[in-house]
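Q: Turn this into a model:
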Amino acid sequence: VVFSTSIISSIDIEFLKTARSLGVKTVGMPRGWDNVNARFYPVLPDLLIVQNEDMKRDAVSLQGIPATRVVVSGFPQFDWYRKPKIIVLRDEFFRSRGLDPSKKLILWGSTGRWTQKGTSMCDMLVKAVNTPGILSAPAQLLIRAHFSDAKSNRFDYLTNNQSVIIDDNLTRSDFFWDGADPSTEELIKLANTLYHADLVIIQSSTLSLDALCFNKPVINTAFQGLYDKDGNDITPILYTEDCYRPLVEFGAVDLVHDETELVESINRFFEHPERAAAERKKALRQLAFEVDGQASTRVADGVERVRS
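A: Here you go, the predicted structure:
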């Protein structure tokens, strides 16, 4: 069996073509949750494994693969979030990362080199955690840099800021196009980061789903991210994509459109972290299927089904 874990990648497509020509059975998975209805799959495998029911529907209707050849697994990487033994105590985690256990923890994920004003959002958050009176509780900022930002050391200018920690939990590799090859240690640290964070701020990213696995409050920024050729801020369009729209429609995330709304949302979640908890659970169920620690098993069962 040839198993493609990124069915839209050029090298995977070549392997799938060759396997089909040789009569070898194939299994494929989308690299992410956002391409089944956006990218044409030139080679359909004998079995397609997708992460949620919406993706299965789109695979059948848009890619033309029979429903009997599509299996829903959930996200295998989320299995790590259902391993309670890897979670350490708050004080232990905070001190290991140079964080202050007495302060709230804001986790912010950057969006990479295609964000024209990539440090402006960061600077807003840095100002918020450093200026008394802006936030309703003392807080610190942990920056999880997008792989392209980590490679360019985009946030090194904040290295000596006492309220800001730049997450260096990134295993780099020149072998992969994104320069990253997550290790077991890295995945465990990420699980602990999400578990102990008070809230997560991100612009239209799968990291929102990671946060929902722990039912953490999520703020999505809909400004200063994407601009058209005339310089108009069109960031809100990111939240109209089919894969992401349910998060907004369920009310599972706070969508903020300027700095004032951002600060207000942070303070509301600091005071009431349980707000939108039920909505987060509903959205997670629709977009991540079962987060039960068994997604990898369902993937393996799919491969075994084809092999036998």
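Q: Provide a complete list of residue ranges assigned to helices in this structure.
A: Residue ranges of the helices in the chain, as given by DSSP state H, are 10-21, 53-62, 90-96, 120-130, 147-152, 184-196, 207-212, 245-249, 259-271, 277-288, 295-307.
Q: Quickly compare those helices and say which is most buried.
A: Most buried of these, by mean neighbour count (mean count of other C-beta atoms under 10 Å): helix 207-212, with a mean of 25. (Glycine included, C-beta is placed from N, CA and C.)
Q: what's around the closest residue to Met29 other than its chain neighbours, how many residues?
A: In space, and not counting its chain neighbours, Met29 is closest to Ile49: 4.8 Å by C-beta to C-beta, 6 or more residues apart in numbering. Neighbours of Ile49 under the rule other C-beta atoms under 10 Å: 27.
Q: sorry, back to before: now the helices of the chain as JSON lines including distance to Ser102?
A: Formatted as JSON lines, these follow (distance: least, C-beta to C-beta, whole Å):
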{"stretch": "helix 10-21", "distance to Ser102": "48"}
{"stretch": "helix 53-62", "distance to Ser102": "42"}
{"stretch": "helix 90-96", "distance to Ser102": "9"}
{"stretch": "helix 120-130", "distance to Ser102": "13"}
{"stretch": "helix 147-152", "distance to Ser102": "28"}
{"stretch": "helix 184-196", "distance to Ser102": "13"}
{"stretch": "helix 207-212", "distance to Ser102": "22"}
{"stretch": "helix 245-249", "distance to Ser102": "32"}
{"stretch": "helix 259-271", "distance to Ser102": "14"}
{"stretch": "helix 277-288", "distance to Ser102": "24"}
{"stretch": "helix 295-307", "distance to Ser102": "36"}
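Q: Out of the ones you listed, which gets the lowest mean score?
A: Mean pLDDT per stretch puts helix 147-152 lowest among the helices of the chain, at a mean of 70.
Q: The spatially closest residue to Asp258 that is not a sequence neighbour and Thr26, how far apart?
A: In space, Asp258 comes closest to Phe223 once its chain neighbours are excluded; the distance is 5.8 Å by C-beta to C-beta, 6+ apart. According to C-beta to C-beta, to the nearest Å, Phe223 and Thr26 sit 43 Å apart.
Q: Give the burial count for the nearest residue to Leu107 once chain neighbours are set aside, as a bare number.
A: With sequence-adjacent residues excluded and distances taken as C-beta to C-beta, 6+ apart, Leu107 is closest to Ala197, at 4.2 Å. Ala197 has 20 neighbouring residues, counting by other C-beta under 10 Å.
Q: again, but for Ser6
A: Ser6 - counted by other C-beta under 10 Å - has 16 other residues nearby.
Q: Confirm for me that Arg69 is in contact with Ile49.
A: No: the criterion here is C-beta atoms under 8 Å, and Arg69 misses it with Ile49 at 10.1 Å.
Q: got a list of what the residue nearest to Lys56 when sequence neighbours are not counted touches?
A: Leaving aside its chain neighbours, Lys56 sits nearest to Val70 (4.8 Å; criterion: C-beta to C-beta, 6+ apart). Val70 makes contacts with 47-50, 56, 59-60, as judged by C-beta atoms under 8 Å, 6 or more residues apart in numbering.
Q: between these, which is nearest Lys85?
A: Ile49 (27.1 Å; C-beta to C-beta).
Q: Now do the same contact list for the closest one.
A: Residues in contact with Ile49 (C-beta under 8 Å, 6+ apart) are 27-29, 70-73, 298-299, 302.
Q: Just flag the most distant two among these.
A: Gly28 and Arg298 (14.8 Å).
Q: Show the contacting residues for the residue nearest to Ala283 when sequence neighbours are not counted.
A: Leaving out its chain neighbours, the residue that sits closest to Ala283 by C-beta to C-beta, 6+ apart is Ala252, at 3.7 Å. Neighbouring residues of Ala252 by C-beta under 8 Å, 6+ apart: 212, 218, 246, 276, 279-280, 282-284.
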